[in-house]
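K.L.:
predicted structure and sequence below. I'll ask about it afterward.
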Amino acid sequence: MTMDRQFLGWDKPCLHAAAAWLRAKYERRGQLDLSRVVIALPGARAGRRLLELLATDHGLIGSPRMVTVGQLPEHLYESAAMRPLADSLSSLLARWHALRSVDRAVLETMTPRPPAESDFAGWLALAREVNHLDDELAAELWSFASVAQREYDTEHLPIDERWSTLARIGDHYHKNLASLGMRDRNAARLTAVADQQCRTECDIVVIGAIDLSRLVRQMLTQVADRVTLLVHAP
């Protein structure tokens, strides 16, 4: 099953056209109820503006859930039965602790000049960089461990110790979060995709998303019958 694509044209600004489409789709007897709709936009400001347009033109009896595209995955799978997802600060500190727990000689396979023992800011910056790389990989359905495994399994690629080191640090990181009763957000998302766990009882409307990550595309495909993509083009 494929996702529904609706083209809004160029006659109106994107958000005005999207508001008109939502009214045409969901208005019943002069009442606009979007309480069972999740609307994903590129940024939070666009969401606030769209809600303003909807509330101004027609009183809402049920507001939609407005999220950014980056927040959308957590509305597409159930994590209630699992450990709660780590917030950004907990994730950063757990990664910092994981980096500090690895021998310096091991760290030097990943970065030629690890921070000095007393350089708290340096360790925090390195943890932030590793977390950012983890986010980028997860967006394309990769992890440090899967990249390291592919390096070893693919004959024509040189083996790069950095990936196995990052995977090793990742093991420490996940154990740190588990000890706090938390789970990594990227790991939860990758598991949801791999195990076909994506479900929703809401309609999902994605507006003006030019370049969805592979992760989000795979998640939306699993609930394709509930998804509409609004495209600001003829």
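P.N.:
Noted; the coordinates are in hand. Just so it is clear, the model here is predicted, and its values are computed rather than measured.

K.L.:
what distance do you get for the one residue sitting closest to the centre of the chain to Asp119?
P.N.:
By CA atoms, centre = their mean, the chain has its centre lying nearest to Gly70, at 4.4 Å. Distance of Gly70 to Asp119, given as CB to CB, to the nearest Å: 31 Å. For the C-beta atoms, the positions are set from N, CA and C on the backbone; glycine is no exception.

K.L.:
end to end on stretch 175-183, go ahead and measure it.
P.N.:
Separation of the first and last residues of stretch 175-183 by CA to CA, to the nearest Å is 9 Å.

K.L.:
for this protein, what spans make up the helices?
P.N.:
Assigned by DSSP state H, the chain shows helices spanning 14-26, 44-57, 88-100, 104-107, 120-139, 144-153, 161-179, 185-194, 214-222.

K.L.:
and the contacts of the third one?
P.N.:
Contacts of helix 88-100 with the rest of the structure, by CB atoms under 8 Å, 6 or more residues apart in numbering, involve 86, 107, 123-124, 126-128, 130-131, 169-170, 172-173, 176-177, 180, 182, 184-185.

K.L.:
what ranges in the chain fall below the confidence cut-off?
P.N.:
Scanning the chain for pLDDT under 70 picks out 57-60, 79-82, 151-159.

K.L.:
out of the contacts of helix 88-100, which are buried?
P.N.:
86, 107, 123-124, 126-127, 130-131, 169-170, 172-173, 176-177, 182, 184-185 (16 or more other CB atoms under 10 Å).

K.L.:
phi, psi for the residue of the chain most remote from its centre please.
P.N.:
Distance from the C-alpha centroid of the chain, by CA atoms, centre = their mean, peaks at Arg29 (36.6 Å). Arg29 adopts backbone torsions of phi 50, psi 40, taken as degrees, to the nearest 10.

K.L.:
report the contact partners of it.
P.N.:
Counting by CB under 8 Å, 6+ apart, Arg29 has no contacts.

K.L.:
hang on, isn't Glu201 packed against Arg36?
P.N.:
Yes: if you go by CB atoms under 8 Å, Glu201 and Arg36 touch, sitting 7.2 Å apart.

K.L.:
those two: which is more packed in?
P.N.:
Arg36 (13 against 7; other CB atoms under 10 Å).
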